[in-house]
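Chemist: Predicted model and sequence follow; I will ask about them next.
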Amino acid sequence: MDQLKKANEYVKQNRIPKEELPVFHVTPPCGWMNDPNGFSVYQEKTHLFYQFHPYSTVWGPMHWGHYETEDFVKWTELPAALAPDQAYDEAGCFSGSGIETEKGHLLVYTGVMEKEEDGQKYTYQNQCIALGDGKAYNKLAQNPVVTGDMLPKGFSREHFRDPKIWKEDDGYYMVVGNKTDQGKPQVVLFHSENAIEWEYVSVLAEDKKGNLGTMWECPDFFELDGEYILLASPQDLCAGSEFHNGNNAVYYTGSYDRGRHVFDYSHVYSLDDGLDFYASQTMLSADGRRILIGWMQTWDANIRPADQKWACMMTIPRELRLDNGRILQSPVRELEKYYSNSVHYDQCTIKGTCQKEGIRGRVLDMTVELLEGDYTSFDICFAQNEKHFTKFTYDRAGKTIEIDRTYCGMIRDVLAQRKVPVKVSGDVVKIRMILDKYSAEIFINDGAQVMSTTFYTPLDADQISFVCDGSVTVNIDKYDISIGEMA
């Protein structure tokens, strides 16, 4: 049995019941998921592929799983699209992207191979293509189409991955994450007239000061509201006011010299300040919105229950816009189609600890506006019962926000808290919280900051409480989210 057929047969035999999974976040049907891949439109449907290891709940030889959607909220599972079944990708079909072409739906991915040379094992990463019809995909006979031999001397062949493709008037472009042999992270650029035959163009961007990690994974380059943006997920960053230790997801703003194909960044910002976010990828929707999705997990913390048969999930897709040089993120507007059981409180006062009638649940969209008052801090505790809770804190006095899952029911002493400065301050603070069973995505001040976190608290912990150190007037809008049967 070939590798792809074997994987799809295994999924059929081991698919997790829908009721055990999040309601509207993409998860693997079984096994392990990491980076989003191939996020693109093909024949008027949005496709999302992902790094997939069906056979266990830990990372393993990478396949590409596959979903499609018409509204970014209700997803249909499709058969896995790629498996590591060729000599050039036998160590894994790593991350990549997708685009609609005249030839069909084109996927470009990193094929990983290992070779023994002079008694040593070497890893090589090259870029490969598969073409398909939205359901089934065939790898090109001429793979790999972009090899490390096409890179200038002194560029790593081992760390050369995660191609992101797009089309312009003069053909197709592709950015790929890379580093120099001296360990400097960079993003390299390629061009093709037909999306099959490629040539090296330039180093699009590089670490200018030597303080942005060791490898920029999952690069993405696009225009947003008239400005150029580079996304990347740097490895091995050192902590500072903007970033945390280890793997981060960031965006760079700056100027793009089209003649030299060089992006000169002037600022670098965090994309998500929570505990679980990495490897984001964007697409341009049919109606012109720039939509981002990320892996809602971290490599540095495993808090899943030992008996859980699936691992990891994606974020909700987010609309991006630019305001004063900063990205603002909002959950896709299509989520509102699935609202039910609305509860509203206008101009109510919160003192000390309280719960509000009708404000509870684990699958909902809730916005709390802090209007005015004499208070120093405000907490929202959720996924709560007499034993467990996860907490979001706005520290007005200290001008910080914090997520804390210490008491969510973790059985390991792993990363549980993150506190960062508030980036946009004012008299009104708006906190929008998206809950989906085992995750929270918290959008502060219309998406000026986002904090994403997972927690695996028993589902009967569905209380929500508010804690105010002082007194504050608030507006609360809560909607349950009812999707119906996911396909």
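Modeler: Everything's here; your move.
Chemist: Who are the contact partners of the residue lying closest to Thr101 once chain neighbours are set aside?
Modeler: In space, and not counting its chain neighbours, Thr101 is closest to Ala195: 5.6 Å by Cβ to Cβ, 6 or more residues apart in numbering. From N, CA and C alone the C-beta is placed, and that goes for glycine too. For Ala195, the contacting residues are Ile99, Thr101, Lys103, Leu106, Ile129, Ile165, Gly171, Tyr172, by Cβ atoms under 8 Å, 6 or more residues apart in numbering.
Chemist: for Phe190, same thing?
Modeler: Phe190 neighbours (Cβ under 8 Å, 6+ apart): Val146, Met150, Pro163, Tyr173, Met174, Val175, Val176, Trp198, Glu199, Tyr200, Val201.
Chemist: out of the contacts of Ala195, which are buried?
Modeler: Taking 16 or more other Cβ atoms under 10 Å as the criterion, what is buried in these is Ile99, Thr101, Leu106, Ile129, Ile165, Tyr172.
Chemist: Go through the contacts of Phe190 and name the one nearest Ser266.
Modeler: Val175 (18.7 Å; Cβ to Cβ).
Chemist: beta partners for the closest one?
Modeler: Lys164, Leu189 (DSSP bridges).
Chemist: Please renumber the chain so that the first residue is 665 from this point on.
Modeler: Will do, 665 is the new start, and the previous item becomes Val839.
Chemist: In a strand, Tyr674, correct?
Modeler: No - assignment of Tyr674 by DSSP: H, G, I helix; E, B strand; the rest coil gives helix, placing it outside any strand.
Chemist: quick one: contacts for it?
Modeler: Neighbour list for Tyr674: Cys694, Pro718, Tyr719 [criterion: Cβ under 8 Å, 6+ apart].
Chemist: returning to that earlier point: out of the contacts of Phe854, who's nearest Asn1139?
Modeler: Nearest to Asn1139 among the contacts of Phe854: Val839, at 42.6 Å, using Cβ to Cβ.
Chemist: ok, the closest one to Gln715 distance?
Modeler: 18 Å (Cβ to Cβ, to the nearest Å).
Chemist: Looking at the two, which one has more neighbours?
Modeler: Val839 (28 against 25; other Cβ atoms under 10 Å).
Chemist: Show the contacting residues for the more buried one.
Modeler: Pro827, Lys828, Val851, Val852, Leu853, Phe854, Leu868, Pro883, Asp884, Phe885.
Chemist: Repeat the analysis, applying 6 Å as the threshold.
Modeler: Listed by Cβ atoms under 6 Å, 6 or more residues apart in numbering, the contact set of Val839 reads Lys828, Val851, Leu853, Leu868, Pro883, Phe885.
Chemist: Glu754 now?
Modeler: Pro748, Met777.
Chemist: Repeat that for Leu746.
Modeler: Leu746 neighbours (Cβ under 6 Å, 6+ apart): Trp728, Cys757.
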